[in-house]
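Colleague: Here you go, sequence then predicted model.
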Amino acid sequence: MHRLLAISLLLVSLAAQAQNTPPAGLEPLPEPPPPPPGVSDEDAMEPEVTIQQQGEDIYEEYRLNGQLYMIRVTPRNGVPYYLIDPAGTGNFARQDGHGADIRPPMWVIKRF
């Protein structure tokens, strides 16, 4: 019984050691190429978020390259909604947090 345990421990240790040694013939990866001209880490597409509280409402302003493009409004009693500037002109349109601007159809069925 002890011999079986010793053999199994030896096999497990050999298998673990075999996984740690790299196969022969491998070469290190080359360094990645530099970024294209005009692009730096500062130009990453990471928005700058400013959080403000007015009264009991919380406003999160999202800016990209200094341009305000979206405001997330979280009222104290209610569902958060977004004010989005789709064209970059400063005219914000409200969108609810559903992800799409859903408008139900409204038809006149009968006039009295």
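Modeller: Perfect, thanks for sending it. Only a predicted model underlies this, so the values are computations on that prediction, with no experimental measurement involved.
Colleague: got the contact list for the residue most central in space within the chain?
Modeller: The centroid of the chain falls nearest to residue 46 when counting by CA atoms, centre = their mean (9.3 Å). Shown here is residue 46, which makes no contacts under the criterion CB atoms under 8 Å, 6 or more residues apart in numbering. (Each C-beta comes from the backbone N, C-alpha and C, glycine too.)
Colleague: Assumed residue 11 was part of a strand.
Modeller: No. Assessed with DSSP: H, G, I helix; E, B strand; the rest coil, residue 11 is helix; it does not lie in a strand.
Colleague: element containing residue 60, please.
Modeller: Element membership of residue 60 [criterion: DSSP states H and E] is strand 57-64.
Colleague: List the buried residues for that strand?
Modeller: Neighbour counts using 16 or more other CB atoms under 10 Å place 61, 62 of strand 57-64 among the buried residues.
Colleague: tell me the mean pLDDT for the helix or strand hosting residue 4?
Modeller: Applying DSSP H and E as the criterion places residue 4 in helix 2-20. Helix 2-20 shows a mean pLDDT of 74.
Colleague: Ok, stretch 77-89 next?
Modeller: Per-region confidence: stretch 77-89 scores 86 on mean pLDDT.
Colleague: ends of it, how far apart?
Modeller: End-to-end span of stretch 77-89 (CA to CA, to the nearest Å): 30 Å.
Colleague: list the buried ones in that stretch?
Modeller: For stretch 77-89, the neighbour count (16+ other CB under 10 Å) marks 81, 82, 83, 84 as buried.
Colleague: Could you tell me which of these belong to strands?
Modeller: In this view, these that belong to strands under DSSP state E are 81, 82, 83, 84.
Colleague: And those residues, which is closest to residue 96?
Modeller: Closest approach between those and residue 96, by CB to CB: residue 81, at 5.1 Å.
Colleague: I'd like the distance between the closest one and residue 61.
Modeller: To residue 61, residue 81 is 14 Å away according to CB to CB, to the nearest Å.
Colleague: just residue 75 next, same as before
Modeller: From residue 75 over to residue 61 the distance is 16 Å, taken as CB to CB.
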